[in-house]
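> Following is a predicted model, sequence given first.
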Amino acid sequence: FLMKKFYRCVKCQTIYPFNRDILTCPKHSKYYGYLTLIYDYKNVKLGNDKNVFKKYKNLFPLEEFEINFNEQKTPLIKLNKFGVKHELSNLYVKDESKNPTGSFKDKESLFAINMALKWEVSNIFVVSSGNAAISTAAYAQKAGLKYTSYVPKNLSVGKRFLIGLYGGLVKEINGNYEEIYRKAIDMPFPGWNCTPGLNPIKEEGIKVIGFEIFEEIGVPDVIIAPCGNGTLLFGLFKAFKELSFLGVTTKMPKFLGVQIRGASPLKSAFEQQEDFVKLNDIPSSIAEGIVAEESYSSPKVMYALEDTGGEIIEVSDSEITQAIKEIIKTESIIPEPTSAVAYAAIEKVNINKNDKVVLINTAGGQKNLKEIMQLLIKAS
């Protein structure tokens with residue numbers, strides 16, 4: 001393929017053209033994301049601008065954005081007191097709660113919605129009832145696109161209101177998240193599927209987080225990220241991998257993903273050396289955003305973990321609650337319970353005292369204050 005950008009399967013290395021009509025490699029499971037966007041790295045030149053979007057524009061699927069929220073660089077905060085408590089002298093948090101709708105999903109939505117506009121897609125959908133649904137709705141409304149969020153019937157009133165407030169249509173489907181996700185592909189639902197885990201454009205937005213970290217502190221020794229589908233972890237990995245392709249660095253961070261004990265298909269897949277694993281009878285959790293029977297970016301996460309000597313860590317609800325209490329008390333940061341798994345994981349990993357470690361705070365707890373209040377009262 002003599003082109004500047006193309007898709008490549010992380011498993012079989014088959015190459016496909018970069019267009020709207022293909023989302024995953026047809027040689028493997030249609031439910032899982034196998035494709036990643038490859039650039040002409042030999043001819044990629046980085047700019048000199050301090051703005052990451054401008055400096056790294058040749059490593060993005062599009063150089064200009066038709067719509068945006070004037071997105072700013074999210075803060076990288078040194079966790080001094082929390083770090084001392086855990087005997088780490090270079091512990092940081094990348095606070096993605098400072099995005100327009102309050103979560104890291106805005107990085108994904110910025111790219112996906114602008115690609116939809118470029119490809120003249122008028123109708124999109126996401127299988128999600130959480131931050132992905134809310135973020136996609138906001139960006140789709142700004143772009144004037146028709147947007148549908150397919151959700152389980154037990155969707156909370158607050159989330160339903162937020163999706164609707166941003167102009168999204170909410171459609172209830174019988175079944176849990178994974179059952180709805182599979183129906184969306186089997187039927188298929190009308191419109192362009194923007195669901196994270198399958199749509200490879202989403203991880204391109206995540207790369208912005210990785211580039212911002214690199215610009216501020218170089219290459220960390222360890223990056224710890226909450227994992228539902230695993231798109232966040234792979235997108236971060238891809239950012240640093242591409243920097244190594246360009247010869248900007250020879251070092252890669254070790255990637256540690258965090259899932260819920262008993263609901264961690266990425267951990268099972270990694271231990272069994274499979275592309276993916278489907279679990280049954282998983283527990284519920286206060287970190288509802290990453291409770292998973294299946295993780296749809298699993299094939300790509302396996303590649304990232306193997307390449308960097310990474311692993312998947314499991315945490316329990318009691319550990320998450322304790323982490324929420326600690327991070328609020330020491331650093332005045334209020335994470336949503338799903339984000340708090342990254343703080344909880346610190347207790348469970350073997351990190352050298354002087355290692356440069358970055359946690360990803362995927363979203364703030366402002367949308368979950370009632371649940372957090374109940375958690376802390378119960379734990380006191």
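That came through, no problem. Residues are numbered from 1 along each chain as shown.
> most centrally placed residue in the protein?
Leu232 (2.7 Å; C-alpha atoms, centre = their mean).
> Quick check: closest non-adjacent residue to that residue.
Excluding its sequence neighbours, the residue lying closest to Leu232 (C-beta to C-beta, 6 or more residues apart in numbering) is Ala225, at 5.0 Å. Any C-beta I mention is one placed from the backbone N, CA and C, and that applies to glycine too.
> which neighbours does the strand or helix carrying the one you found have in its sheet, and in what orientation?
Taking DSSP states H and E as the criterion, Ala225 maps to strand 222-226. Strand 222-226 has the following strand partners under DSSP bridges: strand 254-260 (parallel), strand 357-361 (parallel).
> right, so of those, which gets closest to Asn99?
Proximity to Asn99, assessed across the strands paired with strand 222-226 by C-beta to C-beta, is greatest for strand 357-361 (10.8 Å).
> next one: stretch 124-133 to chain centre, how far?
13 Å (C-alpha atoms, centre = their mean, to the nearest Å).
> ok, now stretch 20-30?
The chain centroid and the centroid of stretch 20-30 are separated by 20 Å under C-alpha atoms, centre = their mean.
> ok, and what's touching it?
7, 9, 11-12, 14, 16, 32-35, 115-116, 119, 121, 185, 192-193, 198-200, 275-276, 299 (C-beta atoms under 8 Å, 6 or more residues apart in numbering).
> Now it: buried residues?
Residues of stretch 20-30 classed as buried: 23-25, 28-29 (neighbour count, 16 or more other C-beta atoms under 10 Å).
> got it, and stretch 78-91?
Buried positions in stretch 78-91, judged by neighbour count with 16+ other C-beta under 10 Å: 79, 82-83, 86, 88, 90-91.
> In this protein, where's the longest helix?
helix 201-217 (DSSP state H).
> hmm, which helix or strand of the protein has the shakiest average pLDDT?
Of all the helices and strands that make up the chain, helix 369-379 has the lowest average by mean pLDDT, DSSP states H and E, namely a mean of 78.
> Quick one: residues in contact with that helix.
Under C-beta under 8 Å, 6+ apart, the answer for helix 369-379 is 286, 318, 321-322, 324-325, 334, 336-337, 365.
> where's the dip in pLDDT among those?
Among the contacts of helix 369-379, Gly365 carries the lowest pLDDT, at 78.
> Where does the prediction get shaky in this protein?
Within the chain, the segments meeting pLDDT under 70 span 1-3, 368.
> now the buried residues of stretch 78-91 as CSV including secondary structure and distance to Asn70?
Formatted as CSV, the buried residues of stretch 78-91 follow (DSSP: H, G, I helix; E, B strand; the rest coil; distance: C-beta to C-beta, whole Å):
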residue, secondary structure, distance to Asn70
Leu79, coil, 28
Phe82, helix, 31
Gly83, helix, 32
His86, coil, 36
Leu88, coil, 34
Asn90, coil, 31
Leu91, strand, 30
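> Gly175 contacts Lys183, correct?
Yes: taking contacts as C-beta atoms under 8 Å, Gly175 lies within contact range of Lys183: 7.2 Å.
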